[in-house]
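Visitor: I would like the atomic coordinates for the input below:
(one chain, ligands or ions: 2)
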Amino acid sequence: MKIIMLGAPGAGKGTYAKQITQKYGIPAISTGDIFRENIKAGTELGKKAKGYMDAGNLVPDELVCDLVVDRLKQDDCKKGYILDGFPRTIPQAEALTEALKKQDDGIDFALEINMADEAIIERMAGRRVCKGCGATYHIVNIPPKKEGICDECGGEIVLRDDDAPETVKKRLEVYHEQTAPLIEYYDKLGLLNVIDGSKGLEACMADIYAVLESK
Ligand code: ADP
Ligand code: ZN
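Guide: Ligands and ions are numbered 1, 2, ... in the order given. I've put the predicted structure just below:
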């Protein structure tokens, strides 16, 4: 099962992807996480990506596409995968379609988590991330057991650099300009499923599972 998660930053793609991973045993591949790991490790890729990310801009396509296509060749992707945060532009989507076509392969589902910008801005203000392992929390909706401390690794929980309110606005602008056109792209391919992201985690997951079980 090969799944793409679409939707604005902060719509909950990562949270849903993690649940799908647990249920179906396929890896969730988040390009944002890959970049953040590279920044933390001080790699060349991380150095190149950081400036774009902190400003709320997209990292250039050429730094993203090969990275993802290579990742999909690894053994753990044989049964399928969930892509979270990729593709994010039409050229990225075309590169993915082409790369898969070469192996007689293709995406099975594109899930769009649909949410209004205002709801996203509100939600992002409460989003926190663990400095140690990258686990995400929300001060109201998904609080850690102990305030400020990660349940998984005991690390410190902080606001992500690019979750500052001004940067969130910029990321939403970038989303509407560069990523939202993918909704039509996948609709034309007959792969699009729209999920109402305002319903809350459990209702959303039920809708997602209904879609994934339908094929
Ligand atoms: P969110 O979904 O909350 O926006 P991500 O963790 O997916 O957060 O992405 C964080 C940042 O990483 C993006 O704002 C962008 O700068 C960069 N990034 C992640 N994936 C891509 C991609 N496919 N193409 C370009 N930039 C990306
Ligand atoms: Zn942690």
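
Visitor: The closest residue to Ile34 other than its chain neighbours and Ser214, how far apart?
Guide: When the adjacent residues along the chain are set aside, Ile34 lies closest to Leu67, with 6.8 Å between them (C-beta to C-beta, 6 or more residues apart in numbering). All C-beta atoms are positioned from the backbone trio N, CA, C, and that covers glycine. Distance of Leu67 to Ser214, computed by C-beta to C-beta, to the nearest Å: 31 Å.

Visitor: Of the two, give the one with the bigger neighbour count.
Guide: More crowded of Leu67 and Ser214, by other C-beta atoms under 10 Å: Leu67, with 18 against 8.

Visitor: could you pull out the strands for this structure?
Guide: Using DSSP state E, the strands found in the chain span residues 2-7, 28-30, 81-84, 109-114, 127-130, 136-138, 157-158, 192-196.

Visitor: Check the offset of the second one from the chain's centre.
Guide: This points to strand 28-30. 7 Å (C-alpha atoms, centre = their mean, to the nearest Å).

Visitor: Contacts only, for the residue nearest to Ile34.
Guide: If you count contacts by C-beta atoms under 8 Å, 6 or more residues apart in numbering, Leu67 has them with Thr31, Ile34, Leu45.

Visitor: With neighbour count, pLDDT and distance to ligand 2 as added columns, please give the residues you listed in JSON lines.
Guide: Listed next are these as JSON lines, based on neighbours: other C-beta atoms under 10 Å; pLDDT from 0 to 100; distance: C-beta to the ion, whole Å:
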{"residue": "Thr31", "neighbour count": "22", "pLDDT": "96", "distance to ligand 2": "20"}
{"residue": "Ile34", "neighbour count": "19", "pLDDT": "94", "distance to ligand 2": "17"}
{"residue": "Leu45", "neighbour count": "17", "pLDDT": "94", "distance to ligand 2": "22"}
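
Visitor: Sweet, I'm off.
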